[in-house]
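1. Got a sequence here, can you build the structure:
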Amino acid sequence: MPKVLLVEDEPALAMVLKETLETQGFMVTHVENGELGLKQYHRQAPDLLILDVMLPQMNGFDVAKTIRQTDRTTPILFLTAKGQGKDVVEGFEAGGTDYLRKPFSMEELMVRMRVLLSHQRLLPNVETGEQTHFTVGLYHFDSQRLTLSLGTSNQRMTAREAELLKLFCQNANRLLTKESILLAIWGDDSFFNSRSMDVFISRLRKYLKEDPAVNIINLRGTGYKLVLG
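-> Below you'll find the model as predicted:
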């Protein structure tokens with residue numbers, strides 16, 4: 001049973017989310033502020049965090065940044081009433097894996113949670129026979145284990161980072177339009193998702209910087225291409 005830590009200061013919303021998720025087979029712990037959320041995270045070691053952005057005592061971004069100092073893999077799903085692009089980008093830069101803008105439907109929340117947890121192999125996946133191991137220049141990329149290795153160095157990745165790199169590997173040396181990337185990974189090509197995509201591509205470039213023959217280039221106004229050698 002996946003363990004979910006819900007950090008939400010709106011009592012009515014928190015009650016609905018907790019009760020609904022528990023009926024769907026999740027074990028949910030709820031706390032109402034950021035400081036308690038951080039303490040409960042260390043006490044519980046949850047499989048997924050659902051983290052409101054606007055929290056008393058310690059906001060969601062700061063909670064995520066603190067967690068990401070030692071944990072880069074536990075999925076963090078932000079709930080936000082903010083709609084500005086800079087807020088979405090700040091959420092991903094803080095270490096968020098995904099975000100959901102209020103108001104949202106329970107169906108959409110469930111879909112996003114299941115995607116995040118399936119990448120952590122905490123929910124059953126249908127065996128597809130898809131390639132999961134890739135050679136990226138001098139690197140070895142395991143999209144199932146969420147690792148990017150170079151020699152003895154092993155970079156743990158978030159689920160969204162691994163999804164994005166896998167898409168590039170499957171289309172190495174081919175141009176991918178921004179729209180096609182956004183639809184494949186984020187599900188829509190909105191302005192907010194476009195800004196977050198840029199953040200994730202910057203992360204991938206940092207991970208791959210030790211091999212100068214590997215690069216993700218930007219063809220301005222068109223899209224991106226993973227260039228190998």
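2. top helix in the protein by residue count?
-> helix 191-207 (DSSP state H).
3. pLDDT on the next helix or strand after it, on average?
-> Once helix 191-207 ends, the next helix or strand along the chain (criterion: DSSP states H and E) is strand 214-219. Averaged over strand 214-219, pLDDT sits at 92.
4. related to what we said a few turns ago, can you give me the buried ones in the longest helix of the chain?
-> 192-197, 200-201, 203-204, 207 (16 or more other CB atoms under 10 Å). To be clear about C-beta, it is placed using only N, CA and C from the backbone, and glycine gets the same treatment.
5. Give the pairing partners of the helix or strand harbouring Val4; include direction for each.
-> Using DSSP H and E, Val4 sits in strand 3-7. Strand pairing for strand 3-7, determined by DSSP bridges: strand 27-31 (parallel), strand 48-52 (parallel).
6. Single out the most deeply packed of the ones you listed.
-> Stretch with highest mean neighbour count among the strands paired with strand 3-7: strand 48-52 (a mean of 26; mean count of other CB atoms under 10 Å).
7. how about the helices in this protein?
-> In the chain, the segments counted as helices under DSSP H are 11-23, 34-44, 60-68, 85-93, 106-119, 159-170, 178-185, 191-207.
8. looking at the ones you listed, which is closest to Leu146?
-> helix 159-170 (4.7 Å; CB to CB).
9. If you count contacts, what does the closest one end up packed against?
-> helix 106-119, strand 133-136, strand 139-142, helix 178-185, helix 191-207, strand 223-228 (3 or more CB pairs under 8 Å, 6 or more residues apart in numbering; DSSP states H and E).
10. which of the residues in it are buried?
-> 159-169.
11. got the domain boundaries for this structure?
-> Using automatic domain parsing, the domain parsing of the chain gives 3-119, 133-228.
12. for the ones you listed, which one ends up most surrounded?
-> Stretch with highest mean neighbour count among the domains of the chain: domain 3-119 (a mean of 18; mean count of other CB under 10 Å).
13. would you turn the strands paired with strand 3-7 into a markdown table with distance to Pro2 and mean pLDDT?
-> Output for these, formatted as a markdown table (distance: least, CB to CB, whole Å; pLDDT from 0 to 100):
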| stretch | distance to Pro2 | mean pLDDT |
| --- | --- | --- |
| strand 27-31 | 7 | 95 |
| strand 48-52 | 6 | 95 |
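14. Make JSON lines from these and add distance to Pro11 to it.
-> Listed next are those as JSON lines, based on distance: least, CB to CB, whole Å:
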{"stretch": "strand 27-31", "distance to Pro11": "9"}
{"stretch": "strand 48-52", "distance to Pro11": "12"}
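15. thinking Met157 is in contact with Leu165, fair?
-> Yes - proximity of Met157 to Leu165 meets the contact threshold set by CB atoms under 8 Å, at 7.3 Å.
16. what touches both of the two?
-> Residues touching both Met157 and Leu165 (CB atoms under 8 Å, 6 or more residues apart in numbering): Leu148.
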